[in-house]
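1. What shape does this take:
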Amino acid sequence: MADHENRPGGSERPAGSAPGDVTINQPDVAAEVTDCFDAYDNALIANDVAALDRWFWAAPQAVRYGLGEELYGYDAIAQHRRNLPGGVIRGPLTRQTVTTFGTDMAIVCAEFDENGRPGRQTQTWIRRPEGWRIVCGHVSIR
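-> All right, here's what the predicted structure looks like:
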């Protein structure tokens, strides 16, 4: 039996990597992701479709779950944005957390008010050669 079969998660650590080499919430990385999320949110409120498109990973593996849609791939996400009449109308953010894992991955969770109903959004961000990009996003309202 392979060693990885005895460990939860079942995967091997890459050769040369050490246990615990992922720093949680390194301040400079958290600040970068916070700036990117804020820019994305400003583009969302302004209905700046070109900017919104730039923030998503331009790949077929990108995913966005919205209030009434499940979008798979960058092209579907971009097309959805172009078809929204007037863009997103949403209340202000009421809470936001950024958690980074190492220097190249982060999760942002935010809450907002949607006409008196709590809304939530979660985004997974990855550092790509072209900069930070959203690889997965989810929006819901209670």
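
2. what helix or strand is the spatially most central residue of the chain on?
-> In the chain, the C-alpha nearest the mean C-alpha coordinate belongs to residue 123, at 2.3 Å (C-alpha atoms, centre = their mean). Per DSSP states H and E: residue 123 is located in strand 117-128.

3. Residue 50 now?
-> helix 49-55.

4. next one: residue 111
-> strand 105-114.

5. got it, and residue 71?
-> strand 70-72.

6. tell me which residues in that strand are buried?
-> residue 71 (16 or more other C-beta atoms under 10 Å). All C-beta spots, glycine's among them, are computed from the backbone N, C-alpha and C.

7. Can you give the contact residues for it?
-> By C-beta atoms under 8 Å, 6 or more residues apart in numbering, the residues outside strand 70-72 that reach it are 60, 62, 63, 64, 65, 77, 80.

8. The nearest residue to the first one once chain neighbours are set aside: how many residues sit nearby?
-> Leaving aside its sequence neighbours, residue 60 sits nearest to residue 73 (C-beta to C-beta, 6 or more residues apart in numbering; 4.3 Å). By the other C-beta atoms under 10 Å criterion, the neighbourhood of residue 73 contains 17 residues.
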